[in-house]
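In: quick one, structure for this:
(2 chains)
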Amino acid sequence: MFRTSRKAGSRKAGRRSPLASVSLIALGLMLSGGAYALVSSSTAVADTASTATQATVEEGEKLFQANCATCHGLDLQGSDAGPTLIGAGEASVDFQVGTGRMPLQANGAQAPEKPVQFTEEQISALAQYVGSVAPGPAIPEDQYLDAEGDASRGAELFRVNCAMCHNVAGAGGALTEGKYAPALTGVTPTHIYEAMVTGPQNMPVFNDANLTPEDKRDIITALKFQENAVSVGGHPLGSLGPVAEGLFLWIAGMGIIVALTVWITARSN
Amino acid sequence: MSTTTEDRPAPVAEKRSGGVTAAASNYLDERTSISAVVKEFGRKVFPDHWSFLLGEVALYSFVVILLSGTFLTFFFQASMVEVEYDGSYVPLKGVEMSAAMASSLDISFDIRGGLLMRQIHHWAALLFVAAIGLHMMRIFFTGAFRKPREINWVIGFVLFILAMAEGFTGYSLPDDLLSGNGLRIIDGMVKGIPLVGTWISFLLFGGEFPGTAIVGRLYTLHILLLPALVLLFIALHLVFVVVHKHTQFGGPGKTQQNVVGYPVMPVYAAKAGGFFFIVFGVIAFLASFFTINPIWNYGPYDPSPVSAGTQPDWYIGFADGALRLIPPHLEFVLLDRTWSFNIIIPLAALGLFIVLALIYPFIEAWITGDKREHHILDRPRNAATRTAIGAAGLTFYAGLWAAASSDIIATHFMVTMEGVIHTLQAVVIVGPFIAYFLTKRICLALQKKDREIVLHGYESGRIIRLPGGEYIEKHEPIDEYQRWKLVSYHDYKPLMIRPNSRGKISVGQKARASLSRWFFEDRIAPPSRGEIEASHGDH
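Out: Here you go, the predicted structure:
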């Protein structure tokens, strides 16, 4: 009730289910696996020459021209309305389109997460088309997405590198002029990794020299641990810290107390 | 009361007929003369109104804090020695942290009932300060601080400040990221004080922030000095409640000389005793089902990371909010010193606000020139200017308070951070004036309504057609008990300017008289007996 986040309560409840982590990881694996099946199993950037991929790239080009070219230009050169995508890479497309941020619904401080507009195949085709024009950050390899790294190291890296915007509990935070760092609960490992390598919206890029793939794996591990851990203290009140606690105390705690004082002093008749 | 007579010492020679109870009480009384105390306190009368229990809520929360806090001291180590965490919480395993943080984690994960106790302690602390706040509002808006209770208001206010100090020192003890960030803000505020700031900061932290001393020092304050002071002031506060007797709302049979209500023994003692367990139960309920301060999420303190959404507990929020609202670029170097007016101004403003609230009873007494004793409470509407001043003060406080959550307001209501800050700046500066005028007008309108009801009765809803074809609504006079409630308040008039013994009118006198005029302007006089009697034939 007090968690007035943008996400609907039903989604939140869904994530609490014990099967959520399993299905989440399965989804992530399927997502990345599906993309890989279309490319090659070893590297993501290369191998755009095979015929099956060539067809996908052409499919992606059509989709791009229909849905993205208005702002990003027919040759990915960009325009006044959108940046160039030359060198943006598959990871960037997969993140932006895969989380529904693109295509942009309206101009604003920041592209919000919204329902995804394309199927997995279409997203993959788009990503491959953008990747075929100029190389960029590739879709991450499965070995870094298994969320089975070192959680305590990951949590420490998260506190040092990410918490100032995303909050230590990954609950998100405000930036200037209406921009914000979104909450990280319910984000797939693939998208977390892609966000780190591509720096979407207002996020800085954490390249492999800055945080090694192993570091990124640890961060994902810590986030997934926190997300899937049972809240030992009871309802987490949105993990928003003292503001949520204070609000809850005044409304629920004080509400109950005042109601009880009224009851105690009510006349017996 | 029959209870007190039973407790009287029976003559020794008399045949004992009361059984074990009488014998036991007699035994006790012959050795302690306790019957005098029971007679005095057992017959004390407390009036019944829900708002009179808010102070008790604060007292009971404090008892809960003492009990749960004692448990926590058994396991908490107030030391900043670096240790490697080796407890049950996996994501922190092997992480270097202070012994304070490690022992707080052990309390949370490895000591049976520890987390529940921690959460009880913390929720009770939040409730303690909140109950004090509501209790103070009740006292303020009903004028319960007037003579002879001005000193008790000051004592209570000191308790409020002590409670905040208790809260803040406790918040800083676990040495997690959140508490470290909070301490860093305090350190910054202290360092912003001109000339002495840096010295005070080094004294407090035993060198450069964060040092290795602060947790131990705060711990001593938190469990020794501050609780002792709180207990002392609570004792003083209660002694004065007994000395002054409880206030009551006006009503039939209630005068300045009596107190109408239940005696302590047995009714009130039973109610109050039961109420302690109710408050304890509510706190335990909150602590069982709702997380508070999950330090394992925050991790150990390290000066480099600062988390988004770092806020103090609610009662320090107004100070944090003041820092967030102050415009930037107020810092300059003069005489080889940095003058941080972005810190000095909030500190001065908050200090002034606290001092004004602390001495408000004396200010009001000086303005009104009212030297009478008051045991009957004002209805807030009947002291329109005071109520309006209170509303203005609350608006100021609430604006600062809300500002402490400016980032969360921005993300959760999808507005810009700058928009929130500028709006709250306006609320803090213009809001009190708007609140003052609105509240005053509302109070006066309510007074007019009361006067109307007393003089012309209430609208009965019965429409009558007169023989001439005219329709009127029948107004019924209200009954005497209700009328008493509406008319039994004192009317005040502004002070007259009077020359002093040397025949001169001093500047102070003039100021006082104009303040007094302002305080009482637009007042609505309560209906007089003559008016009430004259009005009866009307409808």
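In: all strands of chain A, in order?
Out: Listed in chain order, the strands of chain A (DSSP state E) span A:173-174, A:180-181.
In: next: chain B.
Out: Per DSSP E, chain B carries strands over the ranges B:45-46, B:82-84, B:96-98, B:248-249, B:262-263, B:331-334, B:337-340, B:376-377, B:458-465, B:471-476.
In: tabulate those strands (a markdown table), appending mean pLDDT and mean neighbour count.
Out: For every residue, glycine as well, the C-beta is placed using N, CA and C. Shown next, in a markdown table, are those (pLDDT from 0 to 100; neighbours: other Cβ atoms under 10 Å in any protein chain shown):
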| stretch | mean pLDDT | mean neighbour count |
| --- | --- | --- |
| strand B:45-46 | 76 | 20 |
| strand B:82-84 | 92 | 13 |
| strand B:96-98 | 91 | 20 |
| strand B:248-249 | 81 | 20 |
| strand B:262-263 | 77 | 17 |
| strand B:331-334 | 85 | 10 |
| strand B:337-340 | 84 | 14 |
| strand B:376-377 | 84 | 22 |
| strand B:458-465 | 87 | 10 |
| strand B:471-476 | 86 | 12 |
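In: poorly predicted segments of the chain, please.
Out: Just going to use chain A. Within chain A, the stretches with pLDDT under 70 are A:1-20, A:24, A:27, A:30-52, A:267-269.
In: the chain in question should be chain B.
Out: In chain B (pLDDT under 70), the answer is B:1-17, B:491, B:536-539.
In: care to break it down by domain?
Out: Annotated domains of chain B cover B:2-43, B:56-299, B:378-539 [automatic domain parsing].
In: most tightly surrounded among those domains?
Out: Highest mean neighbour count among the domains of chain B (mean count of other Cβ atoms under 10 Å in any protein chain shown): domain B:56-299, with a mean of 19.
In: the strands of chain B into a markdown table, with extra columns for distance to chain A?
Out: Formatted as a markdown table, these follow (distance: least, Cβ to the nearest Cβ, whole Å):
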| stretch | distance to chain A |
| --- | --- |
| strand B:45-46 | 10 |
| strand B:82-84 | 11 |
| strand B:96-98 | 9 |
| strand B:248-249 | 12 |
| strand B:262-263 | 10 |
| strand B:331-334 | 20 |
| strand B:337-340 | 22 |
| strand B:376-377 | 15 |
| strand B:458-465 | 23 |
| strand B:471-476 | 24 |
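In: between the ones you listed, which gets nearest to residue A:58?
Out: Set against residue A:58 and scored by Cβ to Cβ, those come closest in strand B:96-98, at 54.8 Å.
In: and the longest helix for chain B?
Out: helix B:114-141 (DSSP state H).
In: and it, what does it pack against?
Out: For helix B:114-141, the packing partners by 3 or more Cβ pairs under 8 Å, 6 or more residues apart in numbering or on different chains; DSSP states H and E come out as helix A:254-265, helix B:54-75, helix B:99-109, helix B:150-172, helix B:269-289, helix B:384-403.
In: quick revisit: among the strands of chain B, which is nearest residue B:291?
Out: strand B:96-98 (20.3 Å).
In: just how off-centre is the closest one within its chain?
Out: Offset of strand B:96-98 from its chain centre (Cα atoms, centre = their mean, to the nearest Å): 37 Å.
In: what's that strand packed up against?
Out: strand B:82-84.
In: what lines up beside the strand it packs on in the sheet?
Out: strand B:96-98 (antiparallel) (DSSP bridges).
In: contacts for the partner strand, please.
Out: For strand B:96-98, contacts defined as Cβ atoms under 8 Å, 6 or more residues apart in numbering or on different chains pick out B:79, B:80, B:81, B:82, B:83, B:84, B:85, B:175, B:215, B:299, B:300, B:301.
In: quick check: chain neighbours aside, which residue is closest to the fourth one?
Out: Using Cβ to Cβ, 6 or more residues apart in numbering or on different chains and skipping residues adjacent in sequence, the residue nearest residue B:82 is residue B:96, 5.5 Å away.
In: contacts only, for residue 227.
Out: Answering for chain A, as no chain was given. Residue A:227 is in contact with A:15, A:21, A:170, A:184, A:185, A:186, counting by Cβ under 8 Å, 6+ apart.
In: hmm, I had chain B in mind actually
Out: Counted by Cβ under 8 Å, 6+ apart, residue B:227 has contacts B:66, B:69, B:166.
In: need the residues you listed in JSON lines with distance to chain A, can you?
Out: Shown next, in JSON lines, are those (distance: Cβ to the nearest Cβ, whole Å):
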{"residue": "B:66", "distance to chain A": "19"}
{"residue": "B:69", "distance to chain A": "18"}
{"residue": "B:166", "distance to chain A": "16"}
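In: possible to save those residues as a markdown table with distance to residue A:207?
Out: Listed next are those as a markdown table, based on distance: Cβ to Cβ, whole Å:
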| residue | distance to residue A:207 |
| --- | --- |
| B:66 | 54 |
| B:69 | 49 |
| B:166 | 47 |
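In: hang on, the earlier thing: rebuild the strands of chain B as CSV, extending it with distance to residue B:430.
Out: Output for those, formatted as CSV (distance: least, Cβ to Cβ, whole Å):
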stretch, distance to residue B:430
strand B:45-46, 42
strand B:82-84, 50
strand B:96-98, 45
strand B:248-249, 34
strand B:262-263, 46
strand B:331-334, 26
strand B:337-340, 26
strand B:376-377, 31
strand B:458-465, 38
strand B:471-476, 41
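In: mind checking which of these is nearest residue A:230?
Out: Here strand B:96-98 is closest among those (Cβ to Cβ), at 22.8 Å.
In: circling back: could you dump the helices and strands packed on helix B:114-141 into JSON lines and include distance to residue A:79?
Out: JSON lines is the format used below for the helices and strands packed on helix B:114-141 (distance: least, Cβ to Cβ, whole Å):
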{"stretch": "helix A:254-265", "distance to residue A:79": "54"}
{"stretch": "helix B:54-75", "distance to residue A:79": "61"}
{"stretch": "helix B:99-109", "distance to residue A:79": "52"}
{"stretch": "helix B:150-172", "distance to residue A:79": "51"}
{"stretch": "helix B:269-289", "distance to residue A:79": "53"}
{"stretch": "helix B:384-403", "distance to residue A:79": "40"}
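In: among the ones you listed, which is nearest residue A:117?
Out: Minimum separation from residue A:117 across these (Cβ to Cβ) falls at helix B:384-403, 37.5 Å.
In: do that closest one and chain A meet?
Out: No: on the criterion Cβ under 8 Å from any Cβ of the partner chain, helix B:384-403 is out of touch with chain A, staying 8.9 Å away.
In: which elements pack onto that helix?
Out: helix B:114-141, helix B:317-325, helix B:341-358, helix B:417-429, helix B:431-456, helix B:507-520.
In: could you give the angle of the fourth one to helix B:341-358?
Out: It stands for helix B:417-429. 40 degrees (axes from the mean of the first three to the mean of the last three Cα atoms, to 10 degrees).
In: the shortest one too?
Out: Compare the direction of helix B:317-325 with that of helix B:341-358 by the same axes, to 10 degrees and you get 150 degrees.
In: show me what helix B:317-325 is packed up against.
Out: Helix B:317-325 sits against helix A:242-248, helix B:177-191, helix B:341-358, helix B:384-403, helix B:417-429, with contacts defined as 3+ Cβ pairs under 8 Å, 6+ apart.
In: alright, that wraps it up for me.
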